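*Asks:* Give me a model of this one.
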Amino acid sequence: MRVKLSVVAMLAAILPGPTRAAALSDAEATFLDQMVTASVVLEQRCDGYEVDGSGSVQLGARLLGSPDAAMAMIDAYAAAIKARDGVSYDPGKFRPEVSDAASKTFRRVRTDLIRNPKRACADYGEASVDRGLLRRY
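*Replies:* Residues are numbered from 1 along each chain as shown. The predicted structure is shown next:
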């Protein structure tokens with residue numbers, strides 16, 4: 001048992017950093033959850049909503065502390081989408097923890113939107129408008 005633990009500890013120490021998934025901070029998790037929710041509203045073609053790109057960066061900057069941090073999270077989410085879809089992406093922007101969290105949120109929100117599209121589109125869409133991620137057209 002002691003030998004197995006030593007081998008595991010040694011492997012963990014020598015694995016490169018990107019291989020090990022870091023935990024998302026609370027602010028990152030919140031921003032990611034909100035971005036994914038807004039993107040599912042668009043993906044499910046809820047009527048009357050479109051992306052508010054500058055609002056998304058502003059929200060991310062408020063939550064994460066800077067526009068650069070917001071853009072890094074947006075890029076990480078974009079890389080996760082591309083990786084899931086089998087499209088080439090910048091591996092330097094891919095974060096496994098972002099991909100995992102985004103997948104969970106995506107499934108939860110999409111399930112709600114499929115089960116009750118009118119109510120869920122209104123609820124999730126308006127929440128995303130209130131946060132500045134989407135706007136009405």
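
*Asks:* Please identify the buried residues of the helix or strand encompassing residue 122?
*Replies:* Under the criterion of DSSP states H and E, residue 122 resides in helix 117-131. Judged by neighbour count (16 or more other C-beta atoms under 10 Å), helix 117-131 contains these buried residues: 120, 121, 123, 124, 125, 128, 129, 131. Quick note: C-beta positions are derived from backbone N, CA and C, even for glycine.

*Asks:* Can you spell out which helices and strands pack onto that helix?
*Replies:* helix 26-43, strand 49-51, helix 96-115, strand 134-136 (3 or more C-beta pairs under 8 Å, 6 or more residues apart in numbering; DSSP states H and E).

*Asks:* out of the ones you listed, nearest to residue 90?
*Replies:* Nearest to residue 90, of all these, is helix 96-115, at 13.1 Å by C-beta to C-beta.

*Asks:* avg pLDDT for the closest one?
*Replies:* For helix 96-115, the mean pLDDT works out to 96.

*Asks:* so how far is that helix from its chain's centroid?
*Replies:* Its chain's C-alpha centre lies 9 Å from the corresponding centre of helix 96-115 when counted by C-alpha atoms, centre = their mean, to the nearest Å.

*Asks:* what comes up buried for that helix?
*Replies:* Buried-residue list, helix 96-115, by 16+ other C-beta under 10 Å: 97, 98, 99, 101, 102, 105, 106, 109, 110, 112, 113.

*Asks:* Give me the below-cutoff pLDDT ranges for the chain.
*Replies:* Within the chain, the stretches with pLDDT under 70 are 1-21.

*Asks:* ok, now with 80
*Replies:* Scanning the chain for pLDDT under 80 picks out the ranges 1-22.

*Asks:* Which residues are in contact with the residue positioned nearest the centre of it?
*Replies:* In the chain, the C-alpha closest to the average C-alpha coordinate belongs to residue 32, at a distance of 3.7 Å (C-alpha atoms, centre = their mean). When contacts are counted by C-beta atoms under 8 Å, 6 or more residues apart in numbering, residue 32 touches 24, 73, 77, 98, 101, 102, 105.

*Asks:* could I get these as TSV with distance to residue 50?
*Replies:* Listed next are the contacts of residue 32 as TSV, based on distance: C-beta to C-beta, whole Å:
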residue	distance to residue 50
24	27
73	21
77	18
98	24
101	25
102	21
105	20
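
*Asks:* Much appreciated, bye for now.
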